[in-house]
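Novice: predicted model follows, preceded by the sequence.
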Amino acid sequence: MKIFEMKNLSLLFLLTLGLNIFAQSPQVNLQLNWEIPFNFAYPALTIEHDKQGQDVIYVAAKEQGLLIYDISSTPNKIKTITKNQLDTLDVMNVTQEGNYLYLALGNSFTNGEYPGMAIVDVTDPTQAFVTDIWKKYSGAKSGGGIVKIEGNYAYFGGMGDGLIVFDVSNKNNISIAGSFTPSISFPDPNPDPAKYNARGMAVKNDIVYLCYDAGGIRIINTTNKQNIIETGRYSNPAMNGKPRAYNNLALNDTLLYVAVDYAGVEILNIKDTSDIKLVSWWNPWGTSNWFASRGHANEIQFDKNSNLLFIATGKSDMNVVSVENPAQPDSITVFGGINNSQGTWGVGLYQDKIYLGYIFVPLCIPFCSNWGGVKEISWTVNGTNIQNLESNELIVYPNPNEGDFNFNYNSNGKSVNIIVSDAMGKEVYRKNGVLKQQNNIQLNLNSGIYILSIKDGDKILNQRLLIN
């Protein structure tokens, strides 16, 4: 078991408020639990832990199909949905909503395939079965990149085919609700069409936050599925004229954390989608050479409780980065490293477990990796499960913002203390009053990290605030 120190993370004990968040410089503990090696040349891409509470993981394993493992003890493969069951398409990405998995299909690496999407019923993972498949049978064979679900719609990153929105209200009949292919005229005046691909995505309230490969970030409004429009776009000006690949992203209220391959991670303020701003740029590799880079940021996960990013970084395996202060992202630790001849593509996060998907790259493009499979890693902060450090009863939104916070807490007619303290524990705001279910607090404070505390009798609820 290895212990690593976090550096310069602005979370301290606020003992006077009874808040045990972190003590000075916290420690992140990463422990490898197990690994599943694949045969020779087979990769593991996206890994999803079952969201219904079962000790099961789902692995998008390219030409091996969808692999389902029972991980209640030693990992045991309990079901395979083969490529032949998926209209001969490779499985590139998987996401879960309820008792259903949604698969992005179609090899987008080499030997391109037509894009496709499938729905798989996993009510009983040992008896998982395909309910329906959609496949495109014409045009470019650019494959599938990602799929996300909101309500009755599946949002599919169809690589060169752009964004396709499916109506999945009937799990046995996938139908197209709308589609949108962003312009390739941005940011390069002479674009290479092969480098513009819809491959990373987040969706919230019908707004799609899309990684468009060399085309940067696109914000797409799908409220009207018959009239999908782009409302914002961004590409780092410092990268203009250089190769880039906006691969994947995580959404945190008005911030985007974007994996940009060999160029690291960009943190973007998207409060005004028509005027996206670069908050900071984490790029520890310091190179403009795709092949010489010590890392390649692929999939990315964000844990809101700890303000940590977990980034699959190619031959660097995984980097953990604190974004407690978005303007100063802080490298915390690395799992694996550039000398183990193993490289990652996927990273999954479930409670206190991390799942890394390793790929086999014999031709060393853009990095070498001689191992494919899955690894499970446990993570804690100061020996405590990070999920337990803040109250789930106190919900604050939007967070971060400029000081106008809403929060949900009902004091049931009793007067309670509302206290805000800075990161050093100094009280900067106090008010007594009766709280209803929905409340608002407006703070005229400098940018930084604060703690909102509700003291209700003997109970104290705490949540972190970040003021831009």
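Specialist: Thanks, I have the structure now. As the structure is a computational prediction, the values presented were derived from the model and not from experiment.
Novice: part of a helix, is residue 126?
Specialist: Yes - under DSSP: H, G, I helix; E, B strand; the rest coil, residue 126 falls within a helix.
Novice: now for it, how many residues are close by?
Specialist: Residues near residue 126, counting by other CB atoms under 10 Å, number 10. C-beta coordinates here come from the backbone N, C-alpha and C atoms, glycine included.
Novice: got it, and residue 28?
Specialist: Neighbours of residue 28 (other CB under 10 Å): 22.
Novice: all strands of the stretch 101-250 of the chain, in order?
Specialist: For the stretch 101-250 of the chain, applying DSSP state E, counting those that start in this stretch gives strands covering 116-121, 129-135, 146-150, 153-157, 163-167, 175-180, 200-204, 207-211, 217-221, 229-234, 248-252.
Novice: turn the ones you listed into CSV, columns for mean neighbour count, mean pLDDT and distance to residue 402.
Specialist: Formatted as CSV, the strands of the stretch 101-250 of the chain follow (neighbours: other CB atoms under 10 Å; pLDDT from 0 to 100; distance: least, CB to CB, whole Å):
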stretch, mean neighbour count, mean pLDDT, distance to residue 402
strand 116-121, 24, 98, 39
strand 129-135, 17, 98, 43
strand 146-150, 22, 97, 27
strand 153-157, 26, 98, 29
strand 163-167, 22, 98, 31
strand 175-180, 16, 98, 31
strand 200-204, 21, 97, 20
strand 207-211, 24, 98, 20
strand 217-221, 22, 98, 20
strand 229-234, 17, 97, 19
strand 248-252, 22, 97, 15
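Novice: those strands into a markdown table, with extra columns for distance to residue 86?
Specialist: Shown next, in a markdown table, are those (distance: least, CB to CB, whole Å):
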| stretch | distance to residue 86 |
| --- | --- |
| strand 116-121 | 5 |
| strand 129-135 | 6 |
| strand 146-150 | 13 |
| strand 153-157 | 14 |
| strand 163-167 | 16 |
| strand 175-180 | 18 |
| strand 200-204 | 21 |
| strand 207-211 | 24 |
| strand 217-221 | 27 |
| strand 229-234 | 31 |
| strand 248-252 | 23 |
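Novice: right, and these - which one's nearest residue 287?
Specialist: Set against residue 287 and scored by CB to CB, the strands of the stretch 101-250 of the chain come closest in strand 248-252, at 19.9 Å.
Novice: give the next helix or strand downstream of the closest one.
Specialist: Going down the chain from strand 248-252, the next helix or strand is strand 255-259, by DSSP states H and E.
Novice: return the list of strands paired to that following strand, each annotated with direction.
Specialist: Its sheet considered, strand 255-259 pairs with strand 248-252 (antiparallel), strand 265-269 (antiparallel) by DSSP bridges.
Novice: in the stretch 251-400 of the chain, where is pLDDT below threshold?
Specialist: Low-confidence segments of the stretch 251-400 of the chain, defined by pLDDT under 70: 382-392.
Novice: so which residues of it form helices?
Specialist: Here the stretch 251-400 of the chain has no helices by DSSP state H, counting those that start in this stretch.
Novice: may I ask you to name the longest strand in the protein?
Specialist: Across the chain, the longest stretch assigned as strand under DSSP state E is strand 369-381.
Novice: which elements pack onto that strand?
Specialist: Secondary-structure packing of strand 369-381 (3 or more CB pairs under 8 Å, 6 or more residues apart in numbering; DSSP states H and E): strand 27-37, strand 353-361.
Novice: and the longest one, what does it pack onto?
Specialist: Here strand 27-37 touches strand 2-5, strand 330-335, strand 369-381, going by 3+ CB pairs under 8 Å, 6+ apart.
Novice: now those in CSV, with mean neighbour count?
Specialist: Shown next, in CSV, are the helices and strands packed on strand 27-37 (neighbours: other CB atoms under 10 Å):
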stretch, mean neighbour count
strand 2-5, 12
strand 330-335, 20
strand 369-381, 21
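Novice: let's have those strands in JSON lines, adding distance to residue 224.
Specialist: Shown next, in JSON lines, are the helices and strands packed on strand 27-37 (distance: least, CB to CB, whole Å):
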{"stretch": "strand 2-5", "distance to residue 224": "48"}
{"stretch": "strand 330-335", "distance to residue 224": "41"}
{"stretch": "strand 369-381", "distance to residue 224": "40"}
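Novice: gap between residue 456 and residue 430?
Specialist: 14 Å (CB to CB, to the nearest Å).
Novice: the more surrounded of these two?
Specialist: With neighbours defined as other CB under 10 Å, residue 456 and residue 430 compare such that residue 456 has more, 17 against 12.
Novice: which residues touch the more buried one?
Specialist: Neighbouring residues of residue 456 by CB atoms under 8 Å, 6 or more residues apart in numbering: 411, 414, 416.
Novice: can those residues go into TSV with extra columns for neighbour count and pLDDT?
Specialist: Output for the contacts of residue 456, formatted as TSV (neighbours: other CB atoms under 10 Å; pLDDT from 0 to 100):
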residue	neighbour count	pLDDT
411	17	89
414	11	91
416	20	92
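Novice: those in strands, which ones?
Specialist: Those of the contacts of residue 456 lying in strands (DSSP E): residue 416.
Novice: closest to residue 309 out of the contacts of residue 456?
Specialist: For these, the nearest to residue 309 is residue 416 (34.2 Å; CB to CB).
Novice: these two touch, right, residue 432 and residue 418?
Specialist: Yes - here residue 432 lies in contact with residue 418, judged by CB atoms under 8 Å, at a distance of 7.3 Å.
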